[in-house]
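Asker: everything below, folded, please.
(4 chains)
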Number of protein chains: 2
Amino acid sequence: MARPPSVHDDELYDRLAEVFRTAGYEGASLGALAESTGLKRASLYHRFPDGKAQMAEAVLGRVERLFDGLLEPMRTDPDVRAGIARSAARIAEFYGGGLLSCVLDTLPLSGAPDRVRLRAAAVADGWISAMADAARRGGRAEDDARSAAEDAFAQVEGGLVYGRLFGDGTPFRRALARLPDLLLG
Amino acid sequence: MARPPSVHDDELYDRLAEVFRTAGYEGASLGALAESTGLKRASLYHRFPDGKAQMAEAVLGRVERLFDGLLEPMRTDPDVRAGIARSAARIAEFYGGGLLSCVLDTLPLSGAPDRVRLRAAAVADGWISAMADAARRGGRAEDDARSAAEDAFAQVEGGLVYGRLFGDGTPFRRALARLPDLLLG
DNA sequence: GTCTATATTTGGATAGAC
DNA sequence: GTCTATCCAAATATAGAC
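Answerer: Numbering: from 1, shown residues only, chains lettered A, B, ... in the order given. As a prediction, the model looks like this:
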C-alpha cells in the first residue's frame, strides 16, 4: 500500500515558500528547498515532477488561497472601512509585521519561467482587484478605485523592501494603517 | 606594457548592475555576468579578486555615485519643492520609467554576504536621508521628515515591484509625481 | 512516498600562457 | 588585462531499491 506523505501539502508549500521568499527563484536551490521541507531532493521531484517551476507555482497557489482568507473582511464586511482595516491587520500579521519578504516581489526575478511570472502577476492582480472592489463599494469612481488599489499594493510591497533592507517594519505598518484612507480617499 | 582594459570601470559596473538588478545576488551567475560584460570569467576575477561579492559592492558604489547626481537638485535648489520635482524626474528616467528593477531590492536577497547587504542599506539610507533633509528644509519637523522620506522610498520601490510584475510603470511614476507633496506635506 | 546512488551540467574560483 | 584550461563543489534531474 501507498506510504502516507511525511509532510502534508499546505505545510510543504509553506516551507517551500519560505525559501522562495528569501532567495528568489534562481536563488532557491533544490538543496535549500529539500532542507527546509525535510524531504530529500528526489522526494521533491516525486511530488513535483516538473521540478522547481512546479514548486514555485504550488507556492503561489497556496499564497493565493491564504490571501482569500486575509481579504475576506475587505470583501464581505458591510462596513467597508472596517473591513479594510481588519484585512490590513491580517496582512500585517501574515508578513510578520513587515519583516518577511513577499514571493510576489522575489519570485518574478530573472530565471523564473514565464508561467511562474504570470502566476505571480495573477495572484497580485487578485489582491489589487479585491482592494479596488472595496474602494468602489466605498464610493470611489471606477478609475480612481483601480489606481488607488495599485498604489496601495505598491506601498505595502515597498514597505517590505524597506523591511528587508533595514530590518524595520515601521514603514510597512504605516502603509497598512493608511490602507482605509488610501482606498476610500 | 600593460594592456588597456577592454571595458572601462563605469561601463563595466553598469553591465554588472543589469544582471544583479534582474537576477538578485545568487541568481547572478558568473556566466551571466561574464556574458553581460563581454569578459571571460577569469578576466572578471582579475578585476574583482574577491569575486562576486566585490562585484556587487562595486555596483552598489556606482549606484551611490549615480544617485548623487540624481539627488543634486533636491539637495541644492533653493526652491525646495522645485528641487524635489527635478530629482524625481531624474529618478524616473534612471529607472526606465518604472520598468527596471532596483538593486536595493534584489541584491539583499538570501545568499548575499553581509557586507553586500550592509552596503545596500547604506546606499538606500543615503537616498532616504537626502529626502528627509529636503523635507526639513521645506519646513517639516525632524521626525515627520524622516518618516515621510522612508515612506517615499517605500512607495518608489513598491512602484518598481509593480512594474516588474505587470510591465507597467504607471504606479511608479505616480509615486514620483507625488514626491514633493509626500515630502513637504 | 521516501530513500540512496548516480548522471550531467553549471556554479565559483585559480594557474599560467600570451 | 584577457584569455584557455582546469579544478572542485554545488546545481538540476533521473533510476531504481525499499
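Asker: A:A112 contacts A:A23, correct?
Answerer: No. Using Cβ atoms under 8 Å as the test, A:A112 is too far from A:A23 to be in contact (11.8 Å). Quick note: C-beta positions are derived from backbone N, CA and C, even for glycine.
Asker: chain B contacts on chain A?
Answerer: A:22-27, A:101, A:104-106, A:108-111, A:117, A:120-121, A:124-125, A:147, A:150-151, A:153-159, A:161-162, A:164-166, A:170-172, A:174-175 (Cβ under 8 Å from any Cβ of the partner chain).
Asker: could you flag which of those residues are buried?
Answerer: Applying 16 or more other Cβ atoms under 10 Å in any protein chain shown to the residues of chain A next to chain B, the neighbour count classes A:22-27, A:101, A:104-106, A:108-111, A:117, A:120-121, A:124, A:150-151, A:153-159, A:161-162, A:164-166, A:170-172, A:174-175 as buried.
Asker: just the ones of those in helices?
Answerer: If you go by DSSP state H, these have A:22-27, A:104-106, A:117, A:120-121, A:124, A:150-151, A:153-159, A:161-162, A:164-166, A:170-172, A:174-175 in helices.
Asker: show me which of these neighbour DNA strand C.
Answerer: For DNA strand C, no contacts are drawn from these by Cβ under 7 Å from any atom of the strand.
Asker: just want the residue of chain A that's nearest chain B.
Answerer: Residue of chain A nearest chain B, by Cβ to the nearest Cβ: A:G158 (2.7 Å).
Asker: what sits against that residue?
Answerer: Counting by Cβ atoms under 8 Å, 6 or more residues apart in numbering or on different chains, A:G158 touches A:171, A:175, B:153-159, B:161.
Asker: ok, now with 7 Å
Answerer: B:154-158, B:161 (Cβ atoms under 7 Å, 6 or more residues apart in numbering or on different chains).
Asker: can you tell me the closest non-neighbouring residue to it?
Answerer: Once flanking residues are discounted, A:G158 sits nearest to B:G158: 2.7 Å by Cβ to Cβ, 6 or more residues apart in numbering or on different chains.
Asker: surely A:R21 meets A:D105?
Answerer: No. Using Cβ atoms under 7 Å, A:R21 is not in contact with A:D105; the gap is 8.6 Å.
Asker: and stretch A:41-57, what's buried?
Answerer: Those would be A:44-45, A:47-48, A:52-57, for stretch A:41-57 by 16+ other Cβ under 10 Å.
Asker: then that stretch to PDB, C-alphas only?
Answerer: Only the C-alpha atoms of stretch A:41-57 are listed here, as PDB (Å, rounded to 0.1, in the frame of the first residue of the first chain):
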ATOM      1  CA  ARG A  41      15.600  16.200  -3.400                       C
ATOM      2  CA  ALA A  42      14.400  13.000  -5.100                       C
ATOM      3  CA  SER A  43      11.200  13.100  -2.900                       C
ATOM      4  CA  LEU A  44      10.600  16.700  -4.000                       C
ATOM      5  CA  TYR A  45      10.700  15.500  -7.600                       C
ATOM      6  CA  HIS A  46       8.200  12.800  -6.800                       C
ATOM      7  CA  ARG A  47       5.800  15.500  -5.500                       C
ATOM      8  CA  PHE A  48       6.600  18.000  -8.300                       C
ATOM      9  CA  PRO A  49       7.600  16.100 -11.400                       C
ATOM     10  CA  ASP A  50       8.200  19.300 -13.300                       C
ATOM     11  CA  GLY A  51      10.700  20.400 -10.700                       C
ATOM     12  CA  LYS A  52      11.300  23.900  -9.300                       C
ATOM     13  CA  ALA A  53       8.900  25.700 -11.600                       C
ATOM     14  CA  GLN A  54       6.000  23.500 -10.400                       C
ATOM     15  CA  MET A  55       7.100  24.100  -6.800                       C
ATOM     16  CA  ALA A  56       7.000  27.800  -7.300                       C
ATOM     17  CA  GLU A  57       3.600  27.600  -8.900                       C
END
